[in-house]
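A.B. asks: One predicted model, sequence on top.
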Amino acid sequence: MKVEAKDNNVYILEAEDFVVSQTLECGQCFHFKKLSENDYVLVHLNKLLHIKEEDGVIILFDTSPEEYEDIWKKYFDLDNDYGKIKEHLLNMDDKLKTAMDEMYGVRILNQDFFETLISFIISQNKQIPHIKQIVAVLSEKYGRYIGEIQGEQFFSFPTPKELEKVSLDELYACKTGFRAPYIYDAVHKVCDGEISGTELMAMDDVQCHDSLVSIKGVGDKVANCVMLFSLGKRSSFPVDVWIKRIVENMYFEREAKKEEISAFAKEHFGEYGGYAQQYLFYYGRENKLGKITKQ
DNA sequence: ATCCAGGAGGGCC
DNA sequence: GGCCCTCATGGA
C-alpha cells in the first residue's frame, strides 16, 4: 500500500482489498454520508473525513500524514493483510469465493467503542437508514460541531459524559422508541465505570461477551457486533436474520436456530469468523439471498 | 393498508 | 429451558 501526501491531502496509491463504498456500506458503521459514487464523508471520534476513490486512487482530503498514521490507518484496518485473510478463508471453505470476489474491498473498521455500542443498541428492529438517522440526531443534539462539507454540517457522536446528562424523555424525543431505556442503561454503566472499552478489549471473548450482555438491550447479536467492529475481536460472528438465512441456505439446507448457527461458525471459521461473516452478510443482503419470496 | 426491519426482554408453561 | 408476544418508528 503506497501512500503519498500532497496539497494537504493524503493519497493511497496502491490500495489493496480496499473499496471505500463497500467498507462503509456493508452495514458496520452508520455515521457517514454519501456525496456521490465512491465519494463519502465520515465521522470518527472528533474527526471529519472526506474520502473519495478516483481512478484507483483513494484520496483523504484535508488530512496530514500524521493524522493518517495516527488515526485513519488504524480505523480502516490498513495494517491488516486482507489478501492473506481471504486466502486463508478460501483454503478452509471455497463456498466463500463468490461472496469474497464480489465484496473484495470490504475491510472491518476499528470504530469507537461507545459509539458502536449505542449504534448497535439502536440497530435492533431497525433498517440501516433509520439507524443512521438516529445516530445523526443524537450527534447533532448532544455531540459537537466538527465541520461542514458541501453545505452539510457534521457533529461528533456524543461522548459518555455528554450523554450522561440526557434524560430518558430526551432520548425518547430522539425517536429511539423502546430502545431509549437501553441506551440510558448503557450510558450509565459506561459512566459508572462498570463497562469500559479498554477493559473489554483486554478480556477474552467469553468474558467480554458476558460483560456486554449485562447491559439492558444488549443480547448476543449486538454484543458480537460491538466486539467485532470496535474491540478487535475478529472471531466474533454476529448472527442476525440475514446471516441466519444465508447460512441456512449455503450450509444447512434446512432451518436452524441462531445458537446452532453460532456454534457452526465458531467451529467452521474459528478466528476468522468476523471476516467470513462480513463477506457473507454483505453479499447475501445485496443479492437478497435467502430472502423469503412470496409465491 | 399491512408487514417488516442487522433483536431483546419478559411472561408463560 | 423453549415459545410467543411486545416494544416505537418509518419505509416499502
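C.D. replies: Everything's here; your move.
A.B. asks: count of neighbours near A:Leu109?
C.D. replies: By other Cβ atoms under 10 Å, the residues close to A:Leu109 number 21. The C-beta positions use only the backbone N, C-alpha and C, and glycine is treated the same way.
A.B. asks: That one: what secondary structure?
C.D. replies: Of the three states, A:Leu109 takes coil under DSSP: H, G, I helix; E, B strand; the rest coil.
A.B. asks: wait, it sits on A:Gln22?
C.D. replies: No: using Cβ atoms under 8 Å as the test, A:Leu109 is too far from A:Gln22 to be in contact (11.7 Å).
A.B. asks: Name the single longest strand found in chain A.
C.D. replies: Identified as the longest strand of chain A according to DSSP state E is strand A:47-54.
A.B. asks: Can you list the strands that that strand pairs with?
C.D. replies: The pairing partners recorded for strand A:47-54 under DSSP bridges are strand A:39-44 (antiparallel), strand A:57-61 (antiparallel).
A.B. asks: centre of the chain versus the longest one, how much separation?
C.D. replies: If I follow you right, that is strand A:39-44. Mean C-alpha position of strand A:39-44 versus that of the full chain (Cα atoms, centre = their mean, to the nearest Å) differs by 13 Å.
A.B. asks: Could you do the shortest one as well?
C.D. replies: From the chain centre to the centre of strand A:57-61 is a distance of 21 Å (Cα atoms, centre = their mean).
A.B. asks: do stretch A:83-101 as well
C.D. replies: Chain-centre distance of stretch A:83-101: 21 Å, with Cα atoms, centre = their mean.
A.B. asks: can you pull the buried residues of that stretch?
C.D. replies: Neighbour-count burial for stretch A:83-101 flags A:Ile85, A:Lys86, A:Leu89, A:Asp93, A:Leu96, A:Ala99, A:Met100 (criterion: 16 or more other Cβ atoms under 10 Å).
A.B. asks: how about the strands of the stretch 1-150 of chain A, start to end?
C.D. replies: For the stretch 1-150 of chain A, applying DSSP state E, counting those that start in this stretch gives strands covering A:3-6, A:9-12, A:32-36, A:39-44, A:47-54, A:57-61, A:145-149.
A.B. asks: Thank you kindly, that will do.
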